[in-house]
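>>> here is a sequence together with a model predicted from it:
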Amino acid sequence: MKTYFFSSLAFFILMMSQSAWTQLPATDIYMINYSNVDTQFNLKKVSYLSAFNPLGYNNQPFFIGLDQLYISSDMYSLGKPEVLKLDLYSQSLERITMSDESDFSPSPLPNGAGLSTVRIEKDGSTQTFWAYDDRNFSVGARLLEAVSNIGYYLWLSDDEIAMFTLPEPFTLSIANIKTETTKVIIDNIGRCLKQDDDGNLLFTHLISNGQRYIKSYDLDSGKMNVICQALEGSEDFEIIAGGAMVMAKGSKLFYFDPNVSTSWTEVLDLSRFGINNISRLAYSRGRIIMVNTK
């Protein structure tokens, strides 16, 4: 079933209040269109994408191709997120999953024939890894039967995922869904997992006293390198064109190019749009999707 959303900032201002009926944080999704030459960012447009659920939870955006997004949203059942698909071109919205449990962290399967999620089971604490076939999104299948504490993940290949697992100290592991084997890499990581153009796994690592670093892990050699120190108080980052990275802190977006930068450079302040607490980021061709917590 498809519905339609619109990106009116005026609507956002009218509806900008905290949800009183869900324990999940009230979050909005925005998209910025921009162009840049290194640290010179030209902001072209800001779009508000979650007007369909202005008081609820709308989070964990993931690009599907050029013009579609998977998100986790409690639009249909407050406090119980499901996967929705947003078409940025037609401005349409489609409900994808309809399970009795909560589905978070949607991502396309590597073969493109469905999606995967982290499911919080009915006991409220068990977190499992699920795959849905695109022929029937209402029925899924559990992968990695031995894993019941997955928080976040990233597909690395058709058979392997990188996992952030609970409890603290949060652990980075690589699991094979065919062999059901898991290899522990390092502890004290952040939730953000990315893969660069060279196939390296990027993640944040908490060292001590709140200091967090972005590191790369070579999947073939097992070699680990420090890329840079993360912004204080932030852990979500995204890789954009040319291998540069962006992070956010509060209302501001920062830029770092591993090839030339020595520190993060502030490039945009989005506070005038009511965006003051940016977390998760997703990128595709001059567009950055961002989650703003109210």
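Great, that's in hand.
>>> show the subsequent helix or strand relative to the helix or strand bottoming out on mean pLDDT in the chain.
Least confident helix or strand, the chain: helix 9-15 with a mean of 35, by mean pLDDT, DSSP states H and E. Downstream of helix 9-15, the next assigned helix or strand under DSSP states H and E is strand 27-37.
>>> tell me which strands and helices that following strand is in contact with?
Packing partners of strand 27-37 (3 or more Cβ pairs under 8 Å, 6 or more residues apart in numbering; DSSP states H and E): strand 40-48, strand 58-64, strand 265-269, strand 287-293. (Glycine included, C-beta is placed from N, CA and C.)
>>> just send these back as TSV, with mean pLDDT, distance to residue 149 and mean neighbour count too.
Shown next, in TSV, are the helices and strands packed on strand 27-37 (pLDDT from 0 to 100; distance: least, Cβ to Cβ, whole Å; neighbours: other Cβ atoms under 10 Å):
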stretch	mean pLDDT	distance to residue 149	mean neighbour count
strand 40-48	98	35	15
strand 58-64	97	18	21
strand 265-269	98	36	16
strand 287-293	98	23	21
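>>> tabulate those strands (TSV), appending distance to residue 279.
Shown next, in TSV, are the helices and strands packed on strand 27-37 (distance: least, Cβ to Cβ, whole Å):
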stretch	distance to residue 279
strand 40-48	16
strand 58-64	8
strand 265-269	16
strand 287-293	5
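>>> residue 225 pairs with what?
residue 216 (DSSP bridges).
>>> so what's the residue count around it?
Residues lying near residue 225 (other Cβ atoms under 10 Å) number 11.
>>> use 33 as the first number from now on
Taking 33 as the first residue, the last one we looked at is residue 257.
>>> can you pull out the low-pLDDT segments for this protein?
33-54 (pLDDT under 70).
>>> repeat that with 80
33-54, 167-171, 241 (pLDDT under 80).
>>> tell me the centre residue of it?
In the chain, the residue lying closest to the centroid (Cα atoms, centre = their mean) is residue 92, at 4.0 Å.
>>> so what's the residue nearest to it when sequence neighbours are not counted up against?
In this structure, residue 92 finds its nearest non-sequential neighbour in residue 104, 4.6 Å apart by Cβ to Cβ, 6 or more residues apart in numbering. When contacts are counted by Cβ atoms under 8 Å, 6 or more residues apart in numbering, residue 104 is found next to 89-92, 113-116, 135-138, 149.
>>> any chance of these in a markdown table, plus distance to residue 277?
Listed next are the contacts of residue 104 as a markdown table, based on distance: Cβ to Cβ, whole Å:
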| residue | distance to residue 277 |
| --- | --- |
| 89 | 26 |
| 90 | 24 |
| 91 | 21 |
| 92 | 19 |
| 113 | 27 |
| 114 | 30 |
| 115 | 27 |
| 116 | 27 |
| 135 | 28 |
| 136 | 24 |
| 137 | 21 |
| 138 | 23 |
| 149 | 26 |
